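In: Sequence and predicted structure below; questions after.
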Amino acid sequence: MTNEPLIVIRLGRRAVILAAVAIVLVAAFVAAPGALQAQKVQEKYSEKFNIAEENAGVSVAVSADGKYVYVAGPHGVIASDDFGKTASWVQTVRLK
């Protein structure tokens with residue numbers, strides 16, 4: 001009987017590096033799943049654009065395809081040109 005192993009796995013340098021990168025990416029996704037999201041979670045929307053009051057409502061208008069969204073309240077108007085995604089809002093009018 002010989003002392004050679006039954007199974008021999010030979011990996012090149014590139015395969016080892018790719019496996020290490022894959023392990024790091026999986027560990028990062030498991031440790032911080034929110035960091036890898038496409039869109040940042042907005043914590044307090046009322047602090048960014050304060051156009052409404054507690055006892056006064058807002059009006060919402062949307063284009064036919066839904067790409068442009070406008071929200072008007074007693075203190076101003078905000079608009080989005082990217083289907084209302086979090087980072088796409090800009091304040092167009094500020095009322096006193």
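Out: Received the coordinates, thanks. Predicted model only: the values in this text are computed from it and were never measured. Residues are numbered from 1 along each chain as shown.

In: which residues are in contact with the helix or strand hosting Val77?
Out: Per DSSP states H and E: Val77 is located in strand 76-80. Contacts to strand 76-80, defined as Cβ atoms under 8 Å, 6 or more residues apart in numbering, come from residues 49, 51, 68-71, 88-95. Yep, even glycine has a C-beta here, placed from its N, CA and C like the rest.

In: Any chance of a PyMOL selection covering the buried ones in those residues?
Out: Command for PyMOL that selects the buried part of these, burial taken from 16 or more other Cβ atoms under 10 Å:
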select buried, resi 49+51+69+71+89
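
In: Could you work out the most separated pair of the contacts of strand 76-80?
Out: Across those, the longest distance by Cβ to Cβ is 21.7 Å; it joins Ser88 and Leu95.

In: ok, then the element right after the strand holding Val77?
Out: Next element after strand 76-80 (DSSP H and E): strand 89-94.

In: Can I get that next one in CSV? Just the C-alpha atoms.
Out: Presented in CSV, the C-alpha positions along strand 89-94 are these (Å, rounded to 0.1, in the frame of the first residue of the first chain):
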residue,chain,number,x,y,z
TRP,A,89,-36.4,64.3,-3.4
VAL,A,90,-35.7,68.0,-3.7
GLN,A,91,-37.5,70.9,-2.1
THR,A,92,-38.8,73.1,-4.9
VAL,A,93,-40.8,75.7,-2.9
ARG,A,94,-40.5,76.7,0.8
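
In: No further queries at this time; thank you.
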